[in-house]
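Q: take this sequence and fold it.
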Amino acid sequence: MEASHHFHMYCICSKSVPNPRRISETNQSSIQYHAAIVNLFRPLLGLDQLPGSIHDCLKEIAVDNALRGLEIVQTYRKLYTCRYQLPFQSFSLFHMCDLLIRFSPAQPPATDVVRFCLEVLKECADGKGAFAVCGPLQEMFRQSAIECNVALPDDLGNLMISPSPYGSDSMLDAYTRLSYVQPASRITEHLDASFAQDFSTEWQKLFDGTHSPRKEQSPSSERSMQISSLLN
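A: Residues are numbered from 1 along each chain as shown. Below is the predicted model of the structure:
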């Protein structure tokens, strides 16, 4: 099972992820690492055939990595600036933020996550190394926040790069699709009928005789509180 193999590598590598306060390149690599874990497990969160315990564990892993990645972005922003960050860092940011507002909207508060994401994207667009792609991406994220019934910041106009919304043509040019959200339902539709059972079997083998991955990680709730204080 490729997914379980990737998670096994995650368990190994997560213990050696560099301290987020080191050099800029290390921060960028760490952000991309956590975003990759989020995108790896995101489609499986919509697979109803998985046992509830495994689904909850996958959700906790994805949320925990989104929180870890967001914490590193905040650290990176304080140590350096997001004005000159590369485009992939912006892509990683809003994928992690999107997962949080969908699967952990209470901790940290979804409105704070939305504000932070919009602020960073605007900062990227305002810098001398500005990338035009940030404008359409910011509009996509704003629309996703509305779809998730998240209250938008009162000063939204000051946070948006463009005073008028980007049209569908701009979004297609920026992302080749009208939304950055993974088409999870379409992905799971193409899975083999036995995938859920096979995945569950491999998952149990992976942790047979070991502690639950939940116990080996920092509790997501505790990290959520830390992120909340950072965003505020």
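
Q: ok, and the closest non-adjacent residue to the residue most central in space within the chain?
A: Among the residues of the chain, the one closest to the centroid is M96, at 1.3 Å (CA atoms, centre = their mean). Counting by CB to CB, 6 or more residues apart in numbering, M96 lies nearest to A66, which is 4.1 Å off, once chain neighbours are set aside. Where you see a C-beta, it was placed from the backbone N, CA and C, and this is true even at glycine.

Q: can you tell me the helix or strand for that neighbour?
A: Using DSSP states H and E, A66 sits within helix 52-79.

Q: hmm, who's touching the next helix or strand after that helix?
A: Later in the chain than helix 52-79, the nearest helix or strand by DSSP H and E is helix 87-103. By CB atoms under 8 Å, 6 or more residues apart in numbering, the residues outside helix 87-103 that reach it are 28, 31-32, 34-35, 38-39, 42, 45, 59, 62-63, 65-67, 69-70, 73, 82, 108, 110, 113-114, 116-117, 120-121, 124, 131, 133-134, 137, 140-141, 144-145, 148, 150, 180-181.

Q: average pLDDT for helix 87-103, rounded please.
A: Average pLDDT, helix 87-103: 92.

Q: quick one: it to helix 52-79, angle?
A: Interaxial angle, helix 87-103 versus helix 52-79 (axes from the mean of the first three to the mean of the last three CA atoms, to 10 degrees): 130 degrees.

Q: ok, and the helix or strand in the chain with the lowest average confidence?
A: In the chain, no helix or strand scores lower on mean pLDDT, DSSP states H and E than helix 213-216, which sits at a mean of 47.

Q: what about stretch 68-83, average pLDDT?
A: pLDDT averaged over stretch 68-83 gives 89.

Q: for that stretch, buried residues please.
A: 68-77, 82 (16 or more other CB atoms under 10 Å).

Q: relative to the whole chain's centre, how far out is that stretch?
A: How far stretch 68-83 lies from its chain's middle: 14 Å, per CA atoms, centre = their mean, to the nearest Å.

Q: again with stretch 148-162
A: 19 Å.

Q: how about stretch 112-121?
A: Relative to its chain's centre, stretch 112-121 lies at 13 Å (CA atoms, centre = their mean).

Q: and for stretch 100-111?
A: Taking CA atoms, centre = their mean, one finds stretch 100-111 lying 11 Å from the centre of the chain it belongs to.

Q: excluding chain neighbours, what is closest to R177?
A: R177 sits nearest to M171 (CB to CB, 6+ apart), 7.5 Å away.

Q: check contacts around the one you found.
A: Counting by CB under 8 Å, 6+ apart, M171 has contacts 136, 139-140, 177-179.

Q: great, nothing more from me.
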